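Novice: This is a predicted model, with the sequence first.
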Amino acid sequence: MLTFFAKYLTVGVFNTLIHWMTFFICLSQGLLQSTANVIAFCLAVTFSFFVNARWTFKQQATPFRYILYVIFMGAMAFGVGYVADRNGLYPLITLIASSALSLACGFIFSRFIVFKGNK
């Protein structure tokens, strides 16, 4: 389990870079945090899904798994952005909260639901 998490964390570092850079670019274009967070997340989650499928969990990246992963993770990303918009939170807080939640919940969801076939 620790090996899976270490690999997932490594992919997560790159995911975070993609997410944060895209988020700030979207904000600079005048988008709301909720919208910017979903766009950034969709780009980052696509990268993470395929790398984690192949490298971390050594599973096939099927369309069903991808859709399941994107829906779950996208809902979390939107939820964090929505709460941030409603409470006037600083964008960096949005990113930190989204990244932390994605790491913890994303790993559990990936390991035990999306890629459960690899023990």
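Specialist: Yes, it's here.
Novice: When you work out contacts or count neighbours from here on, use the C-alpha atoms and nothing else.
Specialist: Will do.
Novice: all helices of this structure, in order?
Specialist: 2-28, 33-51, 63-87, 91-109 (DSSP state H).
Novice: So which of those is the most surrounded?
Specialist: Most buried of the helices of the chain by mean neighbour count (mean count of other Cα atoms under 10 Å) is helix 33-51; its value is a mean of 21.
Novice: picking that back up, so for residue 117, which of the helices of the chain sits nearest?
Specialist: Nearest to residue 117 among the helices of the chain is helix 63-87 (11.7 Å), distances taken as Cα to Cα.
Novice: For stretch 103-119, give the mean pLDDT please.
Specialist: Here stretch 103-119 scores 87 as its mean pLDDT.
Novice: returning to what we had before: the helices of the chain into a markdown table, with extra columns for distance to residue 57?
Specialist: Converted to a markdown table, those look like this (distance: least, Cα to Cα, whole Å):
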| stretch | distance to residue 57 |
| --- | --- |
| helix 2-28 | 7 |
| helix 33-51 | 9 |
| helix 63-87 | 12 |
| helix 91-109 | 11 |
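Novice: Quick check: end-to-end length of stretch 48-58?
Specialist: 13 Å (Cα to Cα, to the nearest Å).
Novice: wait, residue 41 sits on residue 77?
Specialist: Yes - counting by Cα atoms under 8 Å, residue 41 does reach residue 77; the two are 6.7 Å apart.
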